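# okay, here's the prediction I keep looking at, along with the sequence it came from:
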Amino acid sequence: MNKIKTLCGFCATVLISTSPLTQANELQQAVIGEHRTASYQARDEYRNPQQTLRFFDVKPDMTVVEISPGGGWYTEILAPYLKDNGKLIAAHFDPNSDVEYYQRSHKNFMQKVEANQDVYGKVEVSVFQPPQKLDFAPAGSADRVLTFRNVHNWYMRGAGEENLNKVFASFYKALKPGGVLGVVEHRLPGDRPAEDMEQSGYMHEAVVIKAAEHAGFKLAASSDINANSRDSADHPKGVWTLPPSLRLGEENRDHYLAIGESDRMTLKFVKPAQE
């Protein structure tokens, strides 16, 4: 443990925090843990969870919100990493939605959480169902808000950029000043028409940045951690042509497996410390 001594006027405060090496080891243990689903672990080579979470500077004593966790791919890593000293809020679909898919996804996630209390016992589950339900955490309470491969859904199911503006504003509201929004999203080449975002599952990086900045965020850094130069982002069934979905079944299966998962942007935004 490292001790950091901070002097302020006549008082001295001693802050205890884990060292970067200890944090890295804890994150690695969460990634390689036996609790993880085998098919999920097989995706690590494309999703690079250790590098991605380090890029977003996620520490084990933080309050982290995972937006729309789906089946819990990242939840399997974040839950044990944050369990002892932090908090994970899983902002999932509305279980009372009229959409059967949302109901089923939420039910499956809750079954996963309830089946392994040793790992997921401290996960808090809230509702995030844009554009109606956006208050997934108390205002100014989160150190990190993370979203993985979700932005296209909000764009496609809502009113395009108008819906994105509402979503990113909710992220801004939930974060503490100085907090970080981490975004991983399928990337559409900049020279492709905007219409391609409507059905393909790929997004222009400039559109994602614009929505974040509209909410008040500042782009702190971008990374090619999750880039894939083999992906042309031009497939018959959009991003779902590629693994793990493989919507074409056996048709050109080896070709799409050789490409791997999609080319992705990885963006780190910061809510200014002083507004």
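Good, I have the coordinates.

# number of residues surrounding Glu185?
The criterion is other CB atoms under 10 Å. On that basis, Glu185 has 25 neighbouring residues. Yep, even glycine has a C-beta here, placed from its N, CA and C like the rest.

# that one contacts Arg264, doesn't it?
Yes: contact between Glu185 and Arg264 holds when scored by CB atoms under 8 Å: they sit 6.3 Å apart.

# okay, and the common contacts of these two?
Arg149 (CB atoms under 8 Å, 6 or more residues apart in numbering).

# can you show me the strands along the stretch 1-150 of the chain?
With DSSP state E, counting those that start in this stretch as the definition, the stretch 1-150 of the chain shows strands at residue ranges 2-8, 11-17, 63-67, 87-92, 124-127, 142-148.

# flag every buried residue along stretch 106-125.
Going by neighbour count (16 or more other CB atoms under 10 Å), the buried part of stretch 106-125 is His106, Phe109, Met110, Lys112, Val113, Val119, Tyr120, Val123, Val125.

# dump those residues into a markdown table; add pLDDT and distance to Lys133 as well.
Formatted as a markdown table, the buried residues of stretch 106-125 follow (pLDDT from 0 to 100; distance: CB to CB, whole Å):
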| residue | pLDDT | distance to Lys133 |
| --- | --- | --- |
| His106 | 98 | 12 |
| Phe109 | 98 | 16 |
| Met110 | 98 | 17 |
| Lys112 | 97 | 22 |
| Val113 | 97 | 20 |
| Val119 | 97 | 27 |
| Tyr120 | 97 | 22 |
| Val123 | 98 | 19 |
| Val125 | 98 | 13 |
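
# so in the protein, which helix runs the longest?
helix 100-115 (DSSP state H).

# roughly how far out does that helix sit from the chain middle?
Once both centres are worked out by CA atoms, centre = their mean, to the nearest Å, helix 100-115 turns out to sit 18 Å from its chain's centre.

# helices or strands up against that helix?
If you count contacts as 3 or more CB pairs under 8 Å, 6 or more residues apart in numbering; DSSP states H and E, helix 100-115 packs onto helix 75-82, strand 87-92, helix 117-120, strand 124-127.

# residues in contact with the first one?
Outside of helix 75-82, the residues that reach it under the criterion CB under 8 Å, 6+ apart are 26-27, 29-31, 33, 35-37, 40, 49, 53, 58, 60, 62, 64, 66, 69, 88, 90, 109, 112-113, 119-120, 122-123, 146.
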